[in-house]
Structures are given as structure tokens and as C-alpha cells.
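Participant: Fold the following for me, if possible:
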Amino acid sequence: MKITKLLLLLCAIAVPVSLAGCTAEKTETAEHGDDHGHDHDHGHSHEEAGPHGGHLIELGDEDYHLEWNHDDEAHALTFYVLDGEAKKEVKIPAENLQINVTVGDDTKSFDVPAVRADGEDTTALFETNDADLFALIEDDAVKATIDAQIDGKPFQGIIEHHHHH
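Facilitator: You can find the predicted model right below:
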């Protein structure tokens, strides 16, 4: 089983992982009266990486985004809180983000701690080196969501998995 997870992880590493979640494109396309699928006004295309080169997760109705990167050698996951256009960092006072991972009927929660500069009480940066989470986050059999509290409002984003050939 561990070899299978390792192979899935290596496959996911070999091909850039892209996250989906934005649904505004279809809505905005309909509002503009065309159906050729172009990205119009919501500030980023669905294939675009975040400002740190990572994958984007929509929070709310384009209220905010999370960008995430993975360091395969360190088994680290790094998340940045971004604005609605997925361009600028948004510092928040949260102690952590929470990732909920579901495999079958079993759900496990992982905290992703805030990384703050000395004396700062807010940050846009969250990072974890949890090897179990790192292995699970790439597994196609896993359903993963991430929760964040921003400006007193709870947000949840879906981390989607894609098959790589």
C-alpha cells in the first residue's frame, strides 16, 4: 500500500498538479452572452499559477484564494492566503489552516500552522512538514478540503485530484 501511495505521489510530482474549484468562468461566460469559454473578469485563468508558482484554490465566490506549493524533498506543503484576484497576499491573524482528509468513511484533520515574522500577529503564510498529510494530499482516493477563517468569516476550499497519464 505504501508503494502505491509513493508511486501516486511520484506521478503527481512528475506532472504539475492543477487545482480546480473556480466556477465563475461558466457564470461569467453566460453573462457576457458567449459560449467560447474564455476567462473574462475574475482576475485569473484557471490554468494560471499563483504569484509563488503554486496551484490555486478558490475560497467563497472569488472572495479569496489559497495558493499551495509542495516541496517534494522536504515533504512540505506551503499555503498562501491571496486576494480575490489571486495576485496579492492577504495577512490574517489565524493560528492555522485546517485540512480535512476523507478516505472512505474515515476523516482526519490536519493543522497547517501559521508562519509569522517576529513580532507579527498576522501572516499570509502557512506551512507543514506532516509526512502523513503530504502522502494523503496527492492520493486520488482521498477527498480533501481546506478551511480558513478570514475577516471573521469561515471559508472552505476543495482540493481536487487529477489523473496524470
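Participant: What strand or helix carries the residue nearest to residue 109 when sequence neighbours are not counted?
Facilitator: With C-beta to C-beta, 6 or more residues apart in numbering as the measure, residue 100 is the residue that lies nearest to residue 109, at 5.2 Å, once sequence neighbours are left out. Using the backbone N, CA and C atoms, a C-beta is placed for each residue, glycine as well. For residue 100, the enclosing helix or strand under DSSP states H and E is strand 96-103.
Participant: Now do the buried residues in that strand.
Facilitator: Residues 97, 99, 101 are the ones in strand 96-103 that count as buried (16 or more other C-beta atoms under 10 Å).
Participant: Look up how far residue 140 lies from the first one.
Facilitator: This points to residue 97. Residue 97 is 22 Å from residue 140, where distance means C-beta to C-beta, to the nearest Å.
Participant: One more: residue 111?
Facilitator: Distance of residue 111 to residue 140, given as C-beta to C-beta: 24 Å.
Participant: neighbour-wise, which of these two wins?
Facilitator: Neighbours were tallied for residue 111 and for residue 140 using other C-beta atoms under 10 Å; the higher tally belongs to residue 111 (14 against 11).
Participant: got any ranges where this structure has weak pLDDT?
Facilitator: For the chain, the stretches with pLDDT under 70 are 1-47, 160-165.
Participant: Strands of that one, residue ranges please.
Facilitator: With DSSP state E as the definition, the chain shows strands at residue ranges 55-59, 64-71, 76-82, 96-103, 106-113, 125-128, 142-150, 153-159.
Participant: Direction included, what does the fourth one pair up with?
Facilitator: Same thing as strand 96-103. Strand 96-103 pairs in its sheet with strand 106-113 (antiparallel), strand 142-150 (antiparallel), by DSSP bridges.
Participant: With respect to burial, which of those strands scores highest?
Facilitator: Each of those was scored by mean neighbour count; the highest is strand 142-150, a mean of 18, by mean count of other C-beta atoms under 10 Å.
Participant: Can you give the contact residues for that strand?
Facilitator: 57, 59, 63-64, 66, 79, 81, 90, 92, 94, 97-103, 112, 136-137, 154-159, 161 (C-beta atoms under 8 Å, 6 or more residues apart in numbering).
Participant: Mind giving me the PyMOL select for those, buried ones only?
Facilitator: This is how PyMOL selects the buried members of the contacts of strand 142-150, with burial counted by 16+ other C-beta under 10 Å:
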select buried, resi 57+59+64+66+79+81+90+92+94+97+99+101+112+136+137+155+157+159+161
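Participant: Next one: residue 77 from residue 150, what distance?
Facilitator: With C-beta to C-beta as the criterion, residue 77 and residue 150 are 19 Å apart.
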